[in-house]
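**Student:** here is a sequence together with a model predicted from it:
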Amino acid sequence: MDQRNLILAIALSIAIILGWQALFTPKPPPPGPQQQQGQPGQPQQPSPGTPGVPVPSGPAGAPQAPAATREEALKDSPRVTVKTPQIEGSIALRGARIDDVLLVKHHTTVEKNSPLVTLLSPERMVNGYYVRYGWFNAATTAVKLPDADTLWAADKTTLGADQTLVLSWDNGEGTIFRQKITIDANFMFTVAMSVENKSDKPLSLYPFGLVTRQGEPKTEGIYLLHEGPYGVYDEVLKEFSWSDFKDGKKQSLQTTGGWLGFTDKYWMVTLVPDQKTRVATEISQSTDGGKKYHALFRNETAVSVAPGASSETTAQLFAGAKIVSLIDQYREKFGITRFDLTIDWGWFWFLTKPLFWLLDYLFGLIGNFGVSILALTVLVKAAFFPLANKSYESMTKMKALQPEMEKLRTRFAEDKMAMNQELMKLYKSEKVNPAAGCLPVLLQIPVFFALYKVLYTTIEMRHQPFFGWIKDLAAPDPLTILTGFGLFHWQVPELLHVFNIGIWPLIMGVTMYLQQMLNPQPADPVQARIFQFLPIMFTFMLGQFAAGLVIYWAWNNTLSMAQQYAIMRRLGVPVSFGAKAPAPATTPAPAAATSSGKTTNSKNNNSKNKTSKK
């Protein structure tokens, strides 16, 4: 029976490992410089029929064939070069598209000579991704509007940080359209859309902003992180999956304040309308010319422009890396409603955000995120020290009682109920709580998941080194068993990833095993074997997790063992690993009561007397 239960427990554990890997472990990212981005083709506009949302003008002619290279696509339009400390790229004058953005300080791999992360790309690329601003005609107006094929005039050829580019276009009917585009030293574009009416008729127009993404991008495929369309509407965050827009489905919402767009793990392209203006929004999918996703906003009330007058509307566009401090600065500077929710802090944000701030503060002092994780672990252990101390004291007392517990298990091997009753009496007389040993594990679980969220989600951890072979704390340990710990290189099949354990996961498993053996062992032999199997299971479960998280767990186990060792020495309990620890020499073991009321010692004395008489 015990063997059958053990086999069942091992099978269940393996199922848990595989299930955990499927649900929570990220899949290896696809190769190439645009591993996290998809990009847009021609600005396909939202489909007709949405109440109050007109369709913006599209380009003339049939869709163009995809360009073979990025360089060819960039030549389709005259351009204004963009160069800032964080961004390099260009703005297409044809269609006034922001469609060429590379992130200067972010590479696709830890190698500094690897390609820059590409965020936005021209329309004719296979994975086009771009932004366009413009106007819709109201029902009472039929003025000629600029569209995706309009060639705008620019007042300069290069746009730098905190400079303004003015694009203008005259429709030949007495109306001049302008876009004043400013970019700061980071990732925020400000677009002021103005209309000058030189005609003798009043105009009524709806300003709009549109981001188009061609193709469904490959994601990390992990349940705990949102990637895809999302936005804040009347202070409520709404997240959508790519599949929510199949078969012509769309999300049409109105809001005052907020934002919408598309997010990847570390980057996002987000439209930010005027926060005091009521806007109608729509996220949709179209299929003509290839699968494309669109996020659109337009003012809910048309802007009236009298003859001889002009009107201007301002909006923002964030296109870049989701740096926490920067996101918070933009929220305050522009008054963007719940802009902090662009970063997926999860349900336990009240733990995740403070943990990130503390870790980031330690990094500012130490200069190494790996060492900061070690320091954070010490601070967390210190915070929970009083509770953990009581738990370890109770576990130490349990360790001292192991010999007496073994005697009871032997004596009542055939009567489990009686054995449990005697064990409870022993615990009560010695004032020991057998459940207290769970407390240290329960205490570190919330911290573990919060740190996991921080390491996995925040870009601050991306490509941050520790020591030795750990070049990226947010990635799994690269020196693994199936690669001979770095001796040879080959593409490990996805089915074998669960067995591809690195050095730090192995260290973590050893520390977990030693910590477990330092604790008192369960009374049930099958349960004891299952507990001995847990370190192996956790080693496989954490094998593909971020190296920083595994380092935290191994260091936490080491600190826990040191704390427990100190307590055992203080209480005079001999330190040993395993169940059969000797009882303290200063404390004689109490005689175990038998069912007849006689003690074991009296029986032994009677036996000795009989032997002497013979």
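**Tutor:** Thanks, I have it. Residues are numbered from 1 along each chain as shown.

**Student:** for stretch 205-221, give the mean pLDDT please.
**Tutor:** The pLDDT scores in stretch 205-221 average 88.

**Student:** equivalent analysis for stretch 288-296, please.
**Tutor:** Stretch 288-296 comes out at a mean pLDDT of 87.

**Student:** just stretch 481-496 next, same as before
**Tutor:** Across stretch 481-496, pLDDT averages out at 78.

**Student:** in it, what counts as buried?
**Tutor:** I481, T483 (16 or more other C-beta atoms under 10 Å). (C-beta placed from N, C-alpha, C; glycine too.)

**Student:** may I have the distance across that stretch, first residue to last?
**Tutor:** 11 Å (C-alpha to C-alpha, to the nearest Å).

**Student:** how far off centre is the strand or helix carrying S204?
**Tutor:** Under the criterion of DSSP states H and E, S204 resides in strand 203-214. Chain-centre distance of strand 203-214: 31 Å, with C-alpha atoms, centre = their mean, to the nearest Å.

**Student:** alpha carbons of it, as CSV, please.
**Tutor:** Only the C-alpha atoms of strand 203-214 are listed here, as CSV (Å, rounded to 0.1, in the frame of the first residue of the first chain):
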residue,chain,number,x,y,z
LEU,A,203,-16.3,73.4,-40.6
SER,A,204,-17.2,70.6,-38.2
LEU,A,205,-14.5,68.0,-37.7
TYR,A,206,-13.6,65.1,-35.4
PRO,A,207,-9.9,64.8,-34.5
PHE,A,208,-8.7,61.2,-34.2
GLY,A,209,-5.7,59.1,-33.3
LEU,A,210,-5.1,55.6,-34.7
VAL,A,211,-2.5,52.9,-34.1
THR,A,212,-2.4,49.9,-36.5
ARG,A,213,-0.6,46.7,-35.9
GLN,A,214,-0.4,44.1,-38.7
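
**Student:** now the angle between strand 203-214 and the helix or strand just after it, please.
**Tutor:** Moving toward the C-terminus from strand 203-214, the first helix or strand encountered (DSSP H and E) is strand 228-233. Between strand 228-233 and strand 203-214, the angle comes out at 150 degrees (axes from the mean of the first three to the mean of the last three C-alpha atoms, to 10 degrees).

**Student:** now for strand 228-233, which elements pack on it?
**Tutor:** If you count contacts as 3 or more C-beta pairs under 8 Å, 6 or more residues apart in numbering; DSSP states H and E, strand 228-233 packs onto strand 236-239, strand 251-256, strand 258-263, strand 278-286, strand 292-299.

**Student:** how about residues contacting it?
**Tutor:** 219, 237-242, 244-245, 251, 253-255, 257-263, 281, 283, 293, 295, 337-339, 341 (C-beta atoms under 8 Å, 6 or more residues apart in numbering).

**Student:** end to end, how far does stretch 181-201 reach?
**Tutor:** First-to-last residue span, stretch 181-201, C-alpha to C-alpha: 28 Å.

**Student:** give the buried residues for it.
**Tutor:** So stretch 181-201, judged by 16+ other C-beta under 10 Å, has buried residues 181-184, 186-197.

**Student:** so what does L423 have for phi and psi?
**Tutor:** Per-residue torsions, L423: phi -60, psi -40 (degrees, to the nearest 10).

**Student:** how about the closest residue to it other than its chain neighbours, phi and psi?
**Tutor:** Once flanking residues are discounted, L423 sits nearest to L408: 6.1 Å by C-beta to C-beta, 6 or more residues apart in numbering. Recorded main-chain torsions at L408 are phi -70, psi -40, according to degrees, to the nearest 10.

**Student:** in contact with L408, which residues?
**Tutor:** M419, E422, L423, L426, A592.

**Student:** among those residues, who's most crowded?
**Tutor:** If you count neighbours using other C-beta atoms under 10 Å, the busiest of these is E422, which has 20 neighbours.

**Student:** thinking that one is in contact with F412, fair?
**Tutor:** Yes - under the criterion of C-beta atoms under 8 Å, E422 makes contact with F412 at 6.5 Å.

**Student:** L225 and D344, how far apart?
**Tutor:** Per C-beta to C-beta, to the nearest Å, L225 is found 6 Å from D344.
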